[in-house]
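Participant: Next one to model:
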Amino acid sequence: MAAVKPIPEGQHSVTAALVVKNARKAIEFYKTAFGAKELGVWTGPDGKTVMHSDLKIGDSKIYVMDEMPEMGAVSPQTIGGTAVSLNIYTENCDMVYKRAIGAGATVKMALADQFWGDRYGTLVDPFGHIWGIATHVEDVSREEMEKRMKQSFSATARK
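Facilitator: Presented below is the predicted three-dimensional model:
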């Protein structure tokens, strides 16, 4: 018998699992908004509840499942928000950002060039999850980043 790999082929060390109300609708949103590829969907005994699904966005997987409060799996909509955000690096953040808004996401932080060297903005998907969308546009030294950060926060404080 061949040795089993402790981390399966194609998996990263950390994979986000998103709990949502209406996983099938969320899967379609992620496909439209972020170009996700559906790798598999497994339903429960009722044939409707998505117990687990594998999606791939770029080179990373995410899992999406239906809310199951009886198992402690609740969505941001049920708890009234989330303390977690997911971030996507892409070659064209403007295009992905606009496509996600067109698919139903709402703006949390407008897309803009940021002091750390990324063009970056955040969105909330229709299921309550926060997504950062970024394209790295400039390599910034630690010293320059700290200087820009102070300027940025100073300007924000004056508003």
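
Participant: Can you list the low-confidence ranges for this protein?
Facilitator: In the predicted model of the chain, residues 159 satisfy pLDDT under 70.

Participant: Kindly recompute the last result at 90.
Facilitator: 1-13, 152-159 (pLDDT under 90).

Participant: where do the strands sit along it?
Facilitator: For the chain, strands defined by DSSP state E occupy the ranges 16-20, 37-43, 50-57, 60-66, 85-89, 106-113, 118-124, 130-136.

Participant: mind putting those strands in JSON lines, mean neighbour count included?
Facilitator: All C-beta atoms are positioned from the backbone trio N, CA, C, and that covers glycine. Output for the strands of the chain, formatted as JSON lines (neighbours: other C-beta atoms under 10 Å):
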{"stretch": "strand 16-20", "mean neighbour count": "20"}
{"stretch": "strand 37-43", "mean neighbour count": "13"}
{"stretch": "strand 50-57", "mean neighbour count": "18"}
{"stretch": "strand 60-66", "mean neighbour count": "19"}
{"stretch": "strand 85-89", "mean neighbour count": "16"}
{"stretch": "strand 106-113", "mean neighbour count": "12"}
{"stretch": "strand 118-124", "mean neighbour count": "20"}
{"stretch": "strand 130-136", "mean neighbour count": "20"}
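
Participant: max-length helix in the chain?
Facilitator: If you go by DSSP state H, the chain has its longest helix at helix 142-158.

Participant: Can you give me the buried ones in that one?
Facilitator: By 16 or more other C-beta atoms under 10 Å, helix 142-158 has no buried positions at all.

Participant: And stretch 84-102, by the same measure?
Facilitator: Neighbour count says stretch 84-102 has 86, 88-90, 93, 96-97, 99-100 buried, by 16+ other C-beta under 10 Å.

Participant: tell me, how many neighbours does Ala26 end up with?
Facilitator: Ala26 is flanked by 25 other residues according to other C-beta atoms under 10 Å.

Participant: right, and out of the buried residues of stretch 84-102, which lies closest to Gly117?
Facilitator: Taking C-beta to C-beta as the measure, Tyr89 is the one of the buried residues of stretch 84-102 closest to Gly117, at 11.9 Å.

Participant: ok, the closest residue in space to the closest one that isn't next to it in sequence - contacts?
Facilitator: In space, and not counting its chain neighbours, Tyr89 is closest to Ala134: 5.3 Å by C-beta to C-beta, 6 or more residues apart in numbering. By C-beta atoms under 8 Å, 6 or more residues apart in numbering, the residues touching Ala134 are 87-90, 93, 118-120.
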